[in-house]
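Participant: turn this into a model:
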Amino acid sequence: MNKQLEEMKQNEEFERRRRIAEEKHKEWVQKKREEERRERKQKLSKEMAEKATRELEKMQLKEKADVKFKEWLEKKRAEEAEKKKKEKEKEKEREAELREKRTRSEKIFKEWLQNARNKTQPALNGYGLQHGKSTGLY
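Facilitator: Predicted structure coming up:
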């Protein structure tokens, strides 16, 4: 009877230890799962933050590039406008010079024409025959 009682006590003790071990195992598994879930969550949030940071940097870079492009475009347009302005000025100068040259030429021609009318006519050298002889220069 003592032996049976002793065996029963041992069985009860074994069962109690087994239940305690199972409970501890369950607790450990649950803690492990919680820990893994927390780590996954942290990792995901960290990745999202990094992705957001990269996107922000990308947007800032694009904005900076757009600003620089606009500045360059404005500069180019200003240069083109300046170039056209200089070309127009040169064209006006050329036209003014041509008008002045034409005016001078006309003035000189009129003076020459006036002087030519007032000049005496030189004697004509005849190329005909006078007194049976050829006269004039070849």
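Participant: CA atoms for contacts and neighbours, from now on please.
Facilitator: OK.
Participant: read off the pLDDT value for residue 119.
Facilitator: At residue 119, the model reports a pLDDT of 75.
Participant: neighbours of it, how many?
Facilitator: Neighbourhood size, residue 119 [other CA atoms under 10 Å]: 9.
Participant: do the same with residue 62
Facilitator: Residue 62: 12 surrounding residues under other CA under 10 Å.
Participant: same check, this time on the one 10 residues further on
Facilitator: Applying other CA under 10 Å, we find 12 other residues in the vicinity of residue 72.
Participant: check contacts around it.
Facilitator: By CA atoms under 8 Å, 6 or more residues apart in numbering, the contact set of residue 72 is empty.
Participant: ditto for the one 4 residues further on
Facilitator: If you count contacts by CA under 8 Å, 6+ apart, residue 76 has none.
Participant: where's it, which helix or strand?
Facilitator: Residue 76 belongs to helix 2-118 when assigned by DSSP states H and E.
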